[in-house]
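> I'd like to go over a predicted model; first the sequence, then the structure.
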Amino acid sequence: MKIVVAGKGGVGKTTVSGTVARALAQAGHRVLALDADTNPMLGVSLGVGPEQTDLLTAVREGLATGETEHERSTEGFVDRFGTDAPDGIRLVVASRIDQPNPGCTCCGVSAEQLLGELEGTDQIVVGDLEAGIGTVLRLQPGQADVVVVVAQPTAKSLEVARRALEAAPERAPRVIVVANRVRDDEDLATIHAALGENHEYVIVPDEPAIAEADRDGRAAIDVDPDAPGVRALVDLADRLAGIGAPA
Amino acid sequence: MLVDMRLAVVGKGGAGKSVIAATLARTLARRGHRVLALDSDPLPGLSLSLGADVPAEPPLLAAAERGENNRWRFIHGVGPVRAIQRYATDAPDGVRLLQIGKVTREGMAPVMAATQAFYMTIHGLGRAATFHDWVILGDLPAGPRQTAFDWAPYAERYVLVVEPTWQSMLTARRITRIARAARAEVEMSLVVNKVAGEQDAPRVADFLDLPVAVAVPVDEGVRSAERAGAALLDHAPDSPVVRAVERLADHLEGSSIH
């Protein structure tokens, strides 16, 4: 199964991706976490640590100086540009910040192409996408089984989510909306008014444990796995694993 | 007073770039500066935070066409200065707003002319005397990518908007490195946003090795304005964030008088 997570910058895509990936791995699934953001931060939310996360991008940028060798196969790519994350997860950074170089797997292949090439039958791929809707608009059939759209109760994030929800259903069989940082009924009403109620929703309350994780550069699931906001994302992972679970 | 203020507001997604940029633009305009706000984010943001009405179709769509070899060029009679004069729209307090094309259902292709016209405009602006005494203030999309691809060639100063979180601090460090690798002399003003505790601002300053230009408190007024999709100055004019942006305007004026 391949899951991608989309939304406006700052809505919590990376927290959703990292926590869902960790919960799936803790449930016994083999998980490949794909950081497809051009500002890669998934390592932080997986619990790899901030400086180690930044080093992964340095390896990618090292291509420019010759410190890193190019890699043309997908398997080699996961090996060379990946690192081990907690609970047996393999984390790989897909995008270089600058100097894309078409024609080479490690620098010129887009996030959606890479998603298409990654094997999704005996592992679960969790892809944290770039802010916005660009990658969702370019998704081809087979590149993702589930699109998770993250939104929070702000006009800007809801506008981005609305556009993602227009595009996603014809590109992936299942679409889930994560309503993030919900404090009260008015927040939820704002989200429902903008996006409609006829989606598969996951409501994540505004969560101090997640704020603490962000401040300290840790995985939310390590800060407090039983906090309501974290719990909601673990439940999302359980729900996702219910379909397309590995044999 | 002649000011020479050419700013790019940068940072991680959700750090508060658009709210700070829009409130700063209107604050400077209220102080008598002529302000051109440049919105290069293909996602919605700055116009909502300014409280500006913008047409559904980006006005810059009309400014560019494909010429020989299929290369984009301005239409006849239009250059960077006239593109701004003709295609910028009015925002509150007299701010002028020039917008890139916004992403559509079919992606960026339908607004490519506006994207190209915007890029040609900002790259041609440096030589234009017409705007020498204007404040030029760009709001960039999330992350380091536009900095890496030279989407703020006008900027003599980056306003780094940073939350006291690791992701936000790492993003700011990446942007700073990329910006300085391209132009070593670029100035940095650090805005620590959503400050909740006494240690938040010093921690960010230490990490980035930059002095704090202004610390902006976390504020319910911003949350409420963002939920409503309204400008902070209209929705919560008494917000402590408005006062913090006043201090940021002081800092920038003090750094820019020639």
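That came through fine. Numbers count the residues shown, from 1 in each chain, chains lettered A, B, ... in the order given.

> So which bits of chain B are right by chain A?
When proximity is defined as CB under 8 Å from any CB of the partner chain, chain B approaches chain A at B:12-15, B:18, B:42-45, B:48, B:103, B:105-108, B:141-145, B:148-149, B:164-167, B:169-171, B:173-174, B:178, B:226-229. In this view, the C-beta of every residue, glycine as well, is placed from N, C-alpha and C.

> how distant is the lowest-mean-pLDDT helix or strand in chain B from the center of its chain?
Within chain B, no helix or strand scores below helix B:145-148, which has a mean of 84 by mean pLDDT, DSSP states H and E. Centre-to-centre, helix B:145-148 and its host chain are 13 Å apart (CA atoms, centre = their mean, to the nearest Å).

> quick one: low-confidence parts of chain A?
Applying pLDDT under 70 to chain A flags residues A:61-64, A:72, A:96-109, A:243-247.

> thinking again about what came up before, the helix or strand that comes right after the least confident helix or strand of chain B: partners in the sheet, and parallel or antiparallel?
Going down the chain from helix B:145-148, the next helix or strand is strand B:157-162, by DSSP states H and E. Its sheet considered, strand B:157-162 pairs with strand B:5-11 (parallel), strand B:187-195 (parallel) by DSSP bridges.

> could you point out which element follows strand B:157-162?
helix B:166-182.

> Not counting that next one itself, show me its contacts.
Helix B:166-182 is contacted by residues A:14, A:39, A:41, A:44, A:50, A:53-54, A:57, A:97-98, A:214-217, B:10-12, B:15, B:143-144, B:147-148, B:150, B:158, B:160, B:162, B:186, B:188, B:190, B:204, B:207-208, B:210 when judged by CB atoms under 8 Å, 6 or more residues apart in numbering or on different chains.

> Give me the buried subset of the residues of chain B next to chain A.
B:12-15, B:18, B:42-45, B:48, B:103, B:107-108, B:141-145, B:148, B:164-167, B:169-171, B:173-174, B:178, B:226-227, B:229 (16 or more other CB atoms under 10 Å in any protein chain shown).

> Among the strands paired with strand B:157-162, show me which one is buried the most.
A comparison of the strands paired with strand B:157-162 by mean neighbour count, using mean count of other CB atoms under 10 Å in any protein chain shown, puts strand B:5-11 on top with a mean of 27.

> now the strands: where do they sit in the chain?
Unless you meant another one, I'm taking chain A. Assigned by DSSP state E, the strands in chain A fall at A:2-6, A:31-36, A:82-85, A:89-93, A:124-129, A:146-151, A:174-182, A:200-205.

> ah, no, chain B please
B:5-11, B:34-39, B:64-66, B:72-74, B:89-90, B:96-99, B:134-139, B:157-162, B:187-195, B:212-217.

> Next, count neighbours for the nearest residue to A:D35 once chain neighbours are set aside.
Using CB to CB, 6 or more residues apart in numbering or on different chains and skipping the chain neighbours, the partner closest in space to A:D35 is A:L42 (3.9 Å). When neighbours are counted by other CB atoms under 10 Å in any protein chain shown, A:L42 registers 31.

> Distance of the residue of the stretch 151-258 of chain B found nearest chain A relative to B:P55?
Relative to chain A, the nearest point of the stretch 151-258 of chain B is B:G229 (2.7 Å; CB to the nearest CB). Remark: distance between B:G229 and B:P55 (CB to CB, to the nearest Å) = 17 Å.

> Test of understanding: give the bridge partners of the residue most central in space within chain B.
Centroid-nearest residue in chain B, with CA atoms, centre = their mean: B:D139, separated by 1.9 Å. For B:D139, the beta-bridge partners are B:V9, B:D39 (DSSP bridges).

> which residues does it contact?
Here B:D139 is in contact with B:V9, B:K17, B:S18, B:A21, B:A22, B:A37, B:L38, B:D39, B:S40, B:D41, B:G45, B:L46 (CB under 8 Å, 6+ apart).
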